[in-house]
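Student: Just a sequence and a predicted model for now, questions to come.
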Amino acid sequence: MKSILLKFLKELNWKFLLGLGIFCLLCAIANNLRVSDEKSVDWIGSQEILEKPEDVL
Amino acid sequence: MKNNILASILLLFATLLTAFCVAEISFPETFLTITDKDWFLEIFPNGWKYNIHIGVGAFILAAILIIPAWVLSKNFTIKALETLFRVGIGGFFIASSLFKIESPKEFAVLMAQYQFFPAFGLEFLNNIFALMYPQLEFWFGLALIFSPYTRESALVIFLMFISFIIALSWAIFHDLGITCGCFNIEGAQDKNETWTSLIRDLILLVPNFWLLCRKNKSLIRLWKE
């Protein structure tokens, strides 16, 4: 099992994975700059936790 | 040739049943479902409760239909299945990413409701994850359909499915009463649909795992060989 997993990981094209991963990060940054202020978020941080509705089934 | 046509018909039915399964489980009240239709409820007044059962049943039936198609034409069935899975799962991820890309704030709010990061003292990661995740969904969904890197794209999508399953299990365990919010943020806190999303993701994990075991090929090359 371990050898199958290692073989699988070895055969992966890591350049593609890393390249597209970095591209996604750049797109994420560009998208946050593109959208209006009410739709964008702070780079670091979280959002407030809403109260659980009473009518949850 | 005749076998290929018969296999195509069987796979077409299997595809329709899978679409019906996903709709019944995740998107009730669409044209693909029956458990919300008046004629069905007249015959089975409590039928609406069984949408998950009917959806899972349809998926099992779809899986059974693949067997005769496989026997009739193994090569054709493998190629058709790979195409259907890549287009289906890739399309699913692209569709689910669009509204999140359009409104990162709403998705960040939804992610915060899972209260997953704060449990590990990592709440500062919430927003950057909310920005990054939809991009991964969109570009790797696109790569799964159009690029030859099937395994790499399927691996990232597989890991995203695992993360959804962990998040949904977390929500069920902590009784958070939220849905996955995969396709619509609105109403994400109104219904307790977490179970249905979890079952859907577990079902979709199966074809995704199969794609992980395939060789890297573009869809064009797959059909040329």
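Tutor: That came through fine.
Student: Mind listing residues that contact stretch B:30-45?
Tutor: Residues from elsewhere that reach stretch B:30-45 (C-beta atoms under 8 Å, 6 or more residues apart in numbering or on different chains): B:19-20, B:23-24, B:27-29, B:47-48, B:50-51, B:54. Bear in mind the C-beta positions are built from the backbone N, C-alpha and C, glycine included.
Student: Now that we have those residues, can you turn them into JSON lines and tack on distance to A:V35, secondary structure and neighbour count?
Tutor: Shown next, in JSON lines, are the contacts of stretch B:30-45 (distance: C-beta to C-beta, whole Å; DSSP: H, G, I helix; E, B strand; the rest coil; neighbours: other C-beta atoms under 10 Å in any protein chain shown):
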{"residue": "B:A19", "distance to A:V35": "32", "secondary structure": "helix", "neighbour count": "16"}
{"residue": "B:F20", "distance to A:V35": "35", "secondary structure": "helix", "neighbour count": "21"}
{"residue": "B:A23", "distance to A:V35": "30", "secondary structure": "helix", "neighbour count": "20"}
{"residue": "B:E24", "distance to A:V35": "34", "secondary structure": "helix", "neighbour count": "27"}
{"residue": "B:F27", "distance to A:V35": "26", "secondary structure": "coil", "neighbour count": "16"}
{"residue": "B:P28", "distance to A:V35": "31", "secondary structure": "coil", "neighbour count": "17"}
{"residue": "B:E29", "distance to A:V35": "30", "secondary structure": "coil", "neighbour count": "10"}
{"residue": "B:G47", "distance to A:V35": "42", "secondary structure": "helix", "neighbour count": "17"}
{"residue": "B:W48", "distance to A:V35": "38", "secondary structure": "helix", "neighbour count": "14"}
{"residue": "B:Y50", "distance to A:V35": "41", "secondary structure": "helix", "neighbour count": "14"}
{"residue": "B:N51", "distance to A:V35": "35", "secondary structure": "helix", "neighbour count": "19"}
{"residue": "B:I54", "distance to A:V35": "39", "secondary structure": "helix", "neighbour count": "18"}
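Student: If we check chain A, which of these are in contact?
Tutor: When C-beta under 8 Å from any C-beta of the partner chain is applied, no member of those is adjacent to chain A.
Student: Closest one to B:F116 out of these, please.
Tutor: B:F27 (25.0 Å; C-beta to C-beta).
Student: Quick check: the closest one vs B:L12, distance?
Tutor: 21 Å (C-beta to C-beta, to the nearest Å).
Student: How about the residues of chain A by chain B?
Tutor: Taking C-beta under 8 Å from any C-beta as the contact definition, chain A meets chain B at A:8, A:11-13, A:16-17, A:20-21, A:23-25, A:27-29, A:31-32, A:35, A:38-50, A:52-53, A:55-57.
Student: Narrow the residues you listed to those in helices?
Tutor: Cross-referencing those against helices under DSSP state H gives A:8, A:11, A:16-17, A:20-21, A:23-25, A:27-29, A:31-32.
Student: Any of these buried? List them.
Tutor: A:16-17, A:20-21, A:24, A:27-28, A:31-32 (16 or more other C-beta atoms under 10 Å in any protein chain shown).
Student: tell me the two of the residues you listed that are most distant?
Tutor: A:F16 and A:N32 (24.8 Å).
Student: on that earlier part again, make CSV from the buried ones among the ones in helices among the residues of chain A next to chain B and add pLDDT and distance to B:P104 to it.
Tutor: Compiled in CSV, these are given as follows (pLDDT from 0 to 100; distance: C-beta to C-beta, whole Å):
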residue, pLDDT, distance to B:P104
A:F16, 95, 26
A:L17, 95, 23
A:L20, 96, 20
A:G21, 95, 18
A:C24, 96, 13
A:C27, 96, 12
A:A28, 95, 8
A:N31, 94, 7
A:N32, 93, 6
